[in-house]
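In: everything below, folded, please.
(one chain, ligands or ions: 1)
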Amino acid sequence: MTDPTPNTPAYTPPPVWTWNKANGGQFANINRPTAGPTQDEALPVGRHPMQLYSMGTPNGVKVTVMLEELLALGHHGAEYDAWLVRINEGTQFDSGFVAVNPNSKIPALMDRSGPQPVRVFESGAILMHLAEKFGAFLPSSGAARAECLSWLFWQMGSAPFLGGGFGHFYAYAPHKIEYAIDRYAMEVKRQLDVLDRRLAESAYLAGDDYTVADMAVWPWYGALAKGLLYEAGEFLQVQEYKHVQRWTDRVAERPAVQRGRKVNRTWGQPDSQLHERHDASDFELRTQDKLAPPA
Ligand SMILES: N[C@@H](CCC(=O)N[C@@H](CS)C(=O)NCC(=O)O)C(=O)O
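Out: Below you'll find the model as predicted:
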């Protein structure tokens with residue numbers, strides 16, 4: 001078969017797909033075509049009502065920002081232990097983690113505030129669970145609630161095109177495939193335009209108030225708008241999305257956002273990382289460590 005695209009090797013799918021383990025893609029070592037645990041390993045449990053098992057990726061940051069925002073409002077029931085799940089090392093396939101999230105992806109939450117622990121997985125479901133439990137960051141009824149949930153679910157449906165589509169083929173695939181990069185770059189620019197037009201109408205995604213919709217969208221599209229995802233800022237000309245830029249800056253100013261984005265983060269500047277969080281003072285201790293390193 002002749003391939004019409006010049007930089008793509010020709011490929012004819014065989015009748016039956018087989019797993020090529022070393023496919024050359026980044027993260028190929030953790031990808032596999034089956035679900036379920038690969039090793040028996042229990043999860044740690046701390047002293048707080050909320051036990052979060054996560055990593056500081058955009059999906060993880062949504063939840064740590066929400067927990068920090070709830071604590072900032074005085075909801076002590078949102079106190080949490082944030083345990084680090086090193087997804088690059090395959091810890092998401094430990095039996096304890098799979099019992100909390102059968103989909104083996106961070107973030108996963110165990111709500112231990114009631115008589116029976118409640119598991120919650122999928123970042124959007126975790127945000128809703130916490131918002132409903134504490135009556136915060138999600139309007140309780142009517143058009144405002146519908147608008148907020150619409151943007152929250154927009155994020156859940158859209159980000160896989162950004163991460164699994166554009167990000168994968170632009171940054172992680174073993175070779176650059178023009179067709180795939182073109183297709184997903186077009187879609188991601190369309191998504192940025194959707195956000196930009198919405199944010200031209202209102203301060204935040206759901207209207208005048210900051211909600212779980214902003215918490216879900218900001219770690220992905222805010223990072224993209226600042227050129228922090230996939231080093232794709234110039235390629236996508238992100239500076240053109242002026243309203244997204246304004247909103248990104250405004251959300252980033254929030255102290256709870258500044259704390260939440262550090263939790264379970266294992267890369268970047270040392271002062272941007274707090275591998276695990278078990279107490280509010282962990283943020284200050286981290287800073288003190290830097291000011292006075294052990295002799
Ligand atoms: N739809 C899920 C996506 C979660 C997700 O993709 N998590 C990634 C990190 S951002 C992960 O755990 N990947 C590990 C793996 O795929 O094995 C959510 O929003 O919670």
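
In: rest of the way, CA atoms for contacts and neighbours
Out: Fine.

In: strands of the stretch 151-295 of the chain, start to end?
Out: Remark: no strands are assigned in the stretch 151-295 of the chain by DSSP state E, counting those that start in this stretch.

In: which SS state does residue 81 fall under?
Out: Of the three states, residue 81 takes strand under DSSP: H, G, I helix; E, B strand; the rest coil.

In: how many neighbours does it have?
Out: Under the neighbour criterion other Cα atoms under 10 Å, residue 81 is assigned a count of 21.

In: gap between the residue positioned nearest the centre of the chain and the ligand?
Out: To find the centre residue of the chain, average its C-alpha atoms and take the closest one (Cα atoms, centre = their mean): that gives residue 59, at 1.3 Å. Counting by Cα to the nearest ligand atom, to the nearest Å, the gap between residue 59 and the ligand amounts to 5 Å.

In: quick one: pLDDT of that residue?
Out: The pLDDT attached to residue 59 in the predicted structure is 98.

In: for the chain, what helix or strand is lowest in average pLDDT?
Out: Least confident helix or strand of the chain, by mean pLDDT, DSSP states H and E, is helix 281-291 with a mean of 71.

In: what about the residue nearest to the centre of the chain, which helix or strand?
Out: Mapping residue 59 onto the secondary structure by DSSP states H and E places it in helix 58-72.

In: now that helix, how far from the centre of its chain.
Out: Here the centre of mass of C-alpha atoms in helix 58-72, compared against the chain's by Cα atoms, centre = their mean, to the nearest Å, lies 10 Å away.

In: what comes up buried for it?
Out: By neighbour count, with 16 or more other Cα atoms under 10 Å as the criterion, the buried positions of helix 58-72 are 58-71.

In: in the stretch 1-150 of the chain, where is pLDDT below threshold?
Out: Counting by pLDDT under 70, the low-confidence segments of the stretch 1-150 of the chain come to 1-9.

In: one more pass at 90, please.
Out: 1-11, 20-31 (pLDDT under 90).

In: mind listing what's buried along stretch 154-174?
Out: When burial is assessed from 16+ other Cα under 10 Å, stretch 154-174 yields the following buried residues: 155-156, 159, 161-163, 165-173.

In: next one: stretch 42-60
Out: Residues of stretch 42-60 classed as buried by neighbour count (16+ other Cα under 10 Å): 43, 45, 48-60.

In: which strands and helices sit next to the helix holding residue 59?
Out: Contact partners of helix 58-72 among helices and strands, from 3 or more Cα pairs under 8 Å, 6 or more residues apart in numbering; DSSP states H and E: helix 123-134, helix 212-217, helix 255-260.

In: and the stretch 101-250 of the chain, which residues reach the ligand?
Out: Of all the residues in the stretch 101-250 of the chain, those in contact range of the ligand (Cα under 6 Å from any ligand atom) are 105-107, 122-123.

In: 8 Å instead, please
Out: Residues of the stretch 101-250 of the chain that fall close to the ligand, judged by Cα under 8 Å from any ligand atom: 104-108, 121-124, 156, 160.

In: can I assume residue 109 sits in a helix?
Out: No: inclusion of residue 109 in a helix is not indicated when three-state DSSP is applied; the result is strand.

In: so how far is the ligand from it?
Out: The spacing between residue 109 and the ligand, counted by Cα to the nearest ligand atom, is 10 Å.

In: with that, I have no additional questions.
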